[in-house]
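Asks: Let's see this in three dimensions:
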Amino acid sequence: MVSAASTSPLSLGCESSVSGAAVALRSPTMLRSYSVPMILSLAIALLSCSGSQTGKAQGGEAPEATTELLSAPFDADSAYSYVAQQVAFGPRTPGSEGHKLCGDWIVSLLKGWGYEVQEQTFPSQDYHGRRVKGRNIIASRSGASPDRVLLMAHWDTRPVADHDPIASRQSSPILGADDGGSGVAVLLELARQYALGGSPVGVDFLFFDLEDGGSMGDDETWCLGSQYWAQHPHAPQDRTKYGILVDMVGARGARFYYEGYSKAYAAPLLRELWSTAARLGWGAYFKPSEGGALIDDHVPVIKHLRIPCVDIVHYNPSNDKGFGDHWHTHADDLEIIDRETLLAVGQTVATTIAQRH
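Replies: Take a look at the predicted model:
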């Protein structure tokens, strides 16, 4: 749906809410969002908090950045090479050759690093209404702690360039270097690092399919892979403490604001991530200010499993679309990707997890 996420604030009965205050969830004109009834049902479903949602949120206060922090390992050149390889496969729309090749490549890498890999297929339909088979990829490993975390991204790409300035090109699929490719690249590099040095906590890497094949005005056509997984998780999630979603995290000049659902349902984790970024020297990327409430792959996980999740996503409050100028256009290619942006996000996620466990 192309509208604001809600015309009225939600009052949350969880410690992860913002100091007990109601949180107004809003989105710019072109952001996709659930309808008001869906948002209300989400709020009702989460009024009873899980034991993993501890600590008081601190509202919109800026994270402190008084102490420098040693980063957990993350190689930006490696992450960039993973973006480049995905782009080399071409568009990764379900049913395409590029989609199959990319999925097989992701699975091969993860198995080669020693992960337990599961593939979850599900019947669905694409943007054009054609029947396709979705393919979620799940890679798991144990850690020093018996607790677990979810690290999430979508690996499919938009089948149309509906915001491209050239009308004749709008019907063709995009390469999705940033929207799709960058999140996968950050997850793969984190997975490689954990394979090399071990993980402080059990981790499940979730590569969701069919996130980006939705139609504006039809809420349920977005995030189909995460919707399916959240209702059919690959394993019991009773030890899962939180999730982090990375989406559009590789573009030059990207900025990451407080996403509305993340702030409402995972405020302590949200603030910790942004504070860690500031201490690592990445405060120019992570802005401790309000962003839009975005329908993304974290929402079904919150809704169905009550797992607090944070969405790190490129957001541009000065852009009518809410995202970068390249969003859902053919400008979303390798030229837009910046190693430093990948490094800022990868180091922030890895270091936050290391500090927590």
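Asks: average model confidence for stretch 346-354?
Replies: For stretch 346-354, mean pLDDT is 98.
Asks: Convert that stretch to CSV, retaining C-alpha atoms only.
Replies: Extracted in CSV, the C-alpha atoms of stretch 346-354 (Å, rounded to 0.1, in the frame of the first residue of the first chain):
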residue,chain,number,x,y,z
GLY,A,346,29.1,-4.8,8.7
GLN,A,347,31.4,-3.5,11.5
THR,A,348,28.4,-2.1,13.4
VAL,A,349,26.4,-5.4,13.3
ALA,A,350,29.4,-7.6,14.0
THR,A,351,30.6,-5.4,16.9
THR,A,352,27.2,-5.1,18.5
ILE,A,353,26.7,-8.8,18.5
ALA,A,354,30.2,-9.4,20.0
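Asks: List of residues touching it?
Replies: With contact meaning CB atoms under 8 Å, 6 or more residues apart in numbering, stretch 346-354 is reached by 69-74, 76, 79, 149, 151, 186, 189-190, 193, 200-201, 244, 246, 269, 272-273, 276-277, 280, 282, 286, 312. For the C-beta atoms, the positions are set from N, CA and C on the backbone; glycine is no exception.
Asks: Test my guess that P200 contacts H357.
Replies: Yes - with contact defined as CB atoms under 8 Å, P200 reaches H357; the gap is 3.9 Å.
Asks: So these two - more neighbours on which side?
Replies: P200 (19 against 15; other CB atoms under 10 Å).
Asks: what about the more buried one, distance to A144?
Replies: P200 sits 5 Å away from A144, going by CB to CB, to the nearest Å.
Asks: Touching both of these two, which residues are there?
Replies: With CB under 8 Å, 6+ apart, P200 and A144 have common neighbours H357.
Asks: in what helix or strand does the closest residue to T240 other than its chain neighbours lie?
Replies: For T240, ignoring the flanking residues on the chain, the nearest one in space by CB to CB, 6 or more residues apart in numbering is R148 at 4.7 Å. Following DSSP states H and E, one finds R148 within strand 145-154.
Asks: Outside of that strand itself, list whatever touches it.
Replies: Contacts of strand 145-154 (CB under 8 Å, 6+ apart): 180, 183-184, 186-187, 190, 200-212, 223, 225-226, 237, 239-247, 297-298, 301, 307, 309, 349, 353, 357.
Asks: Filter those down to the buried ones, ChimeraX style.
Replies: Remark: buried members of those, expressed as a ChimeraX selection using 16 or more other CB atoms under 10 Å:
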select :180,183,184,186,187,190,200,201,202,203,204,205,206,207,208,209,210,211,212,223,225,226,237,240,241,242,243,244,245,246,247,297,298,301,307,309,349,353
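Asks: about what we covered before: can you check which residues contact both of P200 and H357?
Replies: Common neighbours of P200 and H357 (CB under 8 Å, 6+ apart) are 143-145.
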